[in-house]
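Engineer: Okay, predicted coordinates and the sequence, questions at the end:
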Amino acid sequence: MGKDVIIALDFPNAEETYAFLDKFTGRKPFVKIGMELFYAEGPEIVKKIKARGHKIFLDLKLHDIPNTVKGGMQSLRDLGVDMTNVHAAGGVKMMQAAVEGLTREDGTRPLLIAVTQLTSTSQETMTNELLIDHPIEDVVVQYAENAKAAGLDGVVCSPLEAGKIHTEVGAGFLTVTPGIRFAGDAKGDQSRVTTPEKAREIGSDYIVIGRSITKAVDPVAAYERAMQDFVG
């Protein structure tokens, strides 16, 4: 996989999701299925979108004791997704269990990445609510180091941290970065955001865009703009 734009399918049901995807005549963008859609429609929505020819990032952010996460990944591994994730805060043993559960009998598995800190989390939240007194960038890099030690392929992080992760953890360690907005778009509930162009400069491998595409007057044109800005 190379650099790509992933569209977050943050829709409440299959009907709205398919209506959105039907706009992309002749194109099969990489898409993200998150909690809202997966919890509403279940595994069947994953299978049907995969059958349409899309690459899928299943974004469920598993975070539990190692044995439970291993079992959860065993339930997900044959859905045909291309990428899925856990929370790095679960620790190395939990992430190792996730790798074990996701790996099929033939040794293959989807890409597995770990969420470092949500892009809605600010330094103030880290310090005052989570009682983590290190700079957020340092925490993100440490979580990325843990993910690599556990055998994962990369992390979900703010685009602002992608460059440092590549420098300190490895150029080949994937950075998947949400919190992407076109210049002038509202930040919404995101705290650490940037544009597709800036994410490319910093070194993100994949960017995840939701509302700037899904809520656009012309979603296809917005997607094409993001692809041009990020991939070139």
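Structural biologist: Right, received. Where do you want to start? Numbering: from 1, shown residues only.
Engineer: So R27 is in contact with V220, correct?
Structural biologist: Yes. Using C-beta atoms under 8 Å, R27 is in contact with V220, at 7.4 Å. C-betas here are computed from N, CA, C, even on glycine.
Engineer: got the residue ranges for the helices in the chain?
Structural biologist: Secondary structure of the chain (DSSP state H): helices at 14-21, 35-41, 43-51, 66-76, 92-102, 123-128, 136-149, 159-168, 196-202, 211-214, 219-230.
Engineer: so how far is T121 from the most far-flung residue of the chain relative to its centre?
Structural biologist: If you look at how far each residue of the chain sits from its centre, by C-alpha atoms, centre = their mean, the farthest one is N128, at 26.1 Å. Distance of N128 to T121, given as C-beta to C-beta, to the nearest Å: 11 Å.
Engineer: picking that back up, spit out the contact partners of the residue farthest from the centre of the chain.
Structural biologist: Listed by C-beta atoms under 8 Å, 6 or more residues apart in numbering, the contact set of N128 is empty.
Engineer: Contacts only, for V169.
Structural biologist: 141, 144-145, 148.
Engineer: Find the nearest non-adjacent residue to it, please.
Structural biologist: A144 (4.8 Å; C-beta to C-beta, 6 or more residues apart in numbering).
Engineer: Same question for A8.
Structural biologist: Nearest to A8 is G210, by C-beta to C-beta, 6+ apart, at 3.5 Å.
Engineer: Low-confidence ranges, the protein, go.
Structural biologist: Per-residue confidence for the chain (pLDDT under 70) gives these ranges: 1-2, 184-192.
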